[in-house]
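Q: after the sequence you'll find the predicted model.
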Amino acid sequence: MKLKSKIYIDKLIGIPIVFSLNLIFRFFLLFKQEKEPDNSTIKRIVVCKFMGMGSIIQSTSLLMTLKNNFPNAQIVFVTSQKNHTLLQSFPFVDKILIVNDKTILNLFTSSIQTVFNLWINKADVFIDLEIYSYFSTLFTLLCFPKYKIGFYRKESRIQLGLYSKMIYFNTKAPVNNIYLQAAILLQCNSIVTGLFNYEHLFETDSNSLNYKLEKLIDHSKEYIVINPNASDLRIERRWDSTNFTELIKRIIENYPYKLIVLIGSSEEIEYVENIFQAIDRKYHSKVINTAGMLSLAELIALIRNSCLVITNDTGPMHIAFSLDKKTIALFGPCSPSDYNNQRNVFFIYKNIYCSPCVHHFSISPCKGDNQCMKLINSDEVMNAIKNIFENKLLSNNVSSEIQYTFEEKKYPFGIVKRGL
């Protein structure tokens, strides 16, 4: 299904059902409140995030924290089909349950199967990481977990009675720290604040991972990975293709001894190929197009060995973050303050009046006319590249607008009591 269809169905069906169930749950809560979980008896923790490769990578701090604090508990992750390979690379996830959203029929049948699985293997704790989806709320309820944790925005009151606890989703805080509030709520003592590092992938399988890359790339030369894509989850995050074409030309002229490696998924082959073909042919020997050619492990290896990553706000950016690579990240519809705890990152962000719209709208009001991205010019990116290569700029340039701490009482801010 297309993203717009998913959003339409989610609102059309989800809002009235969630609203009605919320009223019913609040009524019964007048007579009986739910008990807090006993950590010593927790045997199964389910984490749910259907969409967003980057968000799932950002959730690794939470997942590692849960595994460290509940070593004997089974960590189950519920997600959509396209995230299955990513989840398989996480050693701290014990089981992956898939909801196939390719068609409405697939969505219905796979949801029933997954819910049935979680009926039989009931979760002691269910953590719903979706912020904008009513489907995930219904899914959480239908699984009948013993204790339910969700996240809310200021307009999420129709969901507040349905979870055992809801945590405020502060759009000014780094995302992985937002997710970690669930671990603090469960009174986890050992908090992992960093993202999962993929170095383990290269400990036993480095030869096979590098085989294809060695055929594609001359490893005697340094190369820059450029990701001109953005998933259909938020296509307006994409910097225009003509800008990338111009940028590649300028990089080659200024740094002739470096290679440019373009990346993209199988769905993005045509778009990336159009960018490649738009580059002057005399520069083609300096540019390698790998769109649709690499597995996830090979993409991670490619990024790991690069000297710089230039990317829109999308999945490969988060891989670069987790590998602590020097990165130039282009932002507009989303605020880089969501990730300002990353090192070696230079954010280019046009904080125009309507930005960050992604925190408030399922579909951006500009309908794709992303002026926030169009205001970014190649001069700014080239200046950032120059400073990075001259070691003048090795940390992020976005100061946090809020202060947040893990207080000694180990209890997160922004909690709402159920039923209020």
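A: Received the coordinates, thanks. Everything numeric in this text was worked out from a predicted model, so none of it was measured.
Q: okay, stretch 297-311 in CSV with CA atoms only?
A: The C-alpha coordinates for stretch 297-311 follow below in CSV (Å, rounded to 0.1, in the frame of the first residue of the first chain):
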residue,chain,number,x,y,z
ALA,A,297,25.3,-5.7,5.6
GLU,A,298,27.1,-4.5,2.4
LEU,A,299,25.6,-1.0,2.8
ILE,A,300,26.8,-0.9,6.4
ALA,A,301,30.3,-2.0,5.3
LEU,A,302,30.3,0.6,2.6
ILE,A,303,29.4,3.4,5.0
ARG,A,304,31.9,2.1,7.6
ASN,A,305,34.8,2.4,5.2
SER,A,306,33.9,5.8,3.8
CYS,A,307,35.7,9.0,4.6
LEU,A,308,32.4,11.0,4.7
VAL,A,309,28.7,10.5,4.3
ILE,A,310,26.4,13.2,2.8
THR,A,311,22.8,12.4,3.2
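Q: buried residues in that stretch?
A: For stretch 297-311, the neighbour count (16 or more other C-beta atoms under 10 Å) marks 297-311 as buried. In this view, the C-beta of every residue, glycine as well, is placed from N, C-alpha and C.
Q: next one: stretch 62-80
A: 62-67, 69-70, 73-80.
Q: helix, strand or coil: sort out residue 75 for me.
A: Under DSSP: H, G, I helix; E, B strand; the rest coil, the three-state class of residue 75 is strand.
Q: quick check: beta-bridge partners of it?
A: Residue 75 has these beta-bridge partners by DSSP bridges: residue 45.
Q: likewise for the one 4 residues further on?
A: With DSSP bridges applied, residue 79 shows beta-bridge pairing to residue 98.
Q: so it touches residue 100, yeah?
A: No. Using C-beta atoms under 8 Å, residue 79 is not in contact with residue 100; the gap is 10.6 Å.
Q: which ones among the buried residues of stretch 297-311 lie within strands?
A: Those of the buried residues of stretch 297-311 mapping onto strands are 308-311, per DSSP state E.
Q: mind putting those residues in JSON lines, distance to residue 230 and pLDDT included?
A: Formatted as JSON lines, these follow (distance: C-beta to C-beta, whole Å; pLDDT from 0 to 100):
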{"residue": "308", "distance to residue 230": "19", "pLDDT": "96"}
{"residue": "309", "distance to residue 230": "15", "pLDDT": "97"}
{"residue": "310", "distance to residue 230": "13", "pLDDT": "98"}
{"residue": "311", "distance to residue 230": "9", "pLDDT": "97"}
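Q: in CSV, list those along with distance to residue 19.
A: Formatted as CSV, those follow (distance: C-beta to C-beta, whole Å):
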residue, distance to residue 19
308, 48
309, 43
310, 44
311, 39
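Q: what's the farthest-apart pair in the residues you listed?
A: Within those, 308 and 311 form the most distant pair, 10.1 Å apart (C-beta to C-beta).
Q: for the strand or helix carrying residue 270, packing partners?
A: Following DSSP states H and E, one finds residue 270 within helix 269-278. For helix 269-278, the packing partners by 3 or more C-beta pairs under 8 Å, 6 or more residues apart in numbering; DSSP states H and E come out as helix 241-254, strand 259-262, strand 287-289.
Q: residue 121: which of the ones you listed is closest?
A: Taking C-beta to C-beta, strand 259-262 is the member of these nearest to residue 121, at 42.9 Å.
Q: need the residues that contact that closest one.
A: Residues outside strand 259-262 that contact it (C-beta atoms under 8 Å, 6 or more residues apart in numbering): 217-218, 221-228, 248, 251-252, 272, 275-276, 286-291, 302, 306.
Q: from the residues you listed, list the buried ones, please.
A: For the contacts of strand 259-262, a burial check counting by 16+ other C-beta under 10 Å picks out 217, 223-228, 248, 251-252, 272, 275-276, 286-291, 302, 306.
Q: thinking again about what came up before, which among the ones in strands among the buried residues of stretch 297-311 gets closest to residue 161?
A: residue 311 (40.1 Å).
Q: my guess is the closest one meets residue 318, correct?
A: No. Counting by C-beta under 8 Å, residue 311 does not reach residue 318; the two are 9.4 Å apart.
Q: ok, and the closest non-adjacent residue to residue 291?
A: For residue 291, ignoring the flanking residues on the chain, the nearest one in space by C-beta to C-beta, 6 or more residues apart in numbering is residue 264 at 3.3 Å.
Q: contacts only, for that neighbour.
A: Residue 264 touches 227-229, 271-272, 290-292, counting by C-beta under 8 Å, 6+ apart.
Q: need the pLDDT of it.
A: At residue 264, the model reports a pLDDT of 95.
Q: same thing with residue 202?
A: 63.
Q: which of the helices and strands packed on helix 269-278 sits closest to residue 39?
A: Comparing these by C-beta to C-beta, strand 259-262 comes nearest, at 46.3 Å.
Q: which neighbours does that closest one have in its sheet, and in what orientation?
A: Using DSSP bridges, the strands paired with strand 259-262 are strand 223-227 (parallel), strand 287-289 (parallel).
Q: can you show me the strands along the chain?
A: Along the chain, counting by DSSP E, strands occupy 44-48, 74-80, 95-99, 125-128, 148-152, 165-168, 223-227, 259-262, 287-289, 308-312, 327-331, 345-349, 415-416.
Q: any chance of those strands in a markdown table with distance to residue 180 as columns?
A: Formatted as a markdown table, the strands of the chain follow (distance: least, C-beta to C-beta, whole Å):
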| stretch | distance to residue 180 |
| --- | --- |
| strand 44-48 | 12 |
| strand 74-80 | 15 |
| strand 95-99 | 21 |
| strand 125-128 | 11 |
| strand 148-152 | 12 |
| strand 165-168 | 10 |
| strand 223-227 | 27 |
| strand 259-262 | 33 |
| strand 287-289 | 38 |
| strand 308-312 | 24 |
| strand 327-331 | 21 |
| strand 345-349 | 19 |
| strand 415-416 | 14 |
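Q: closest one to residue 186 among those?
A: Closest approach to residue 186 among the strands of the chain (C-beta to C-beta): strand 125-128, 6.7 Å.
Q: list the contacts of that closest one.
A: Contacts with strand 125-128, where a contact means C-beta under 8 Å, 6+ apart, come from 37, 42, 44-48, 62, 136-137, 139-140, 143, 145-151, 163, 182, 186.
Q: let's go with 6 Å and repeat that
A: Residues outside strand 125-128 that contact it (C-beta atoms under 6 Å, 6 or more residues apart in numbering): 45-48, 136, 140, 145, 147-150, 182.
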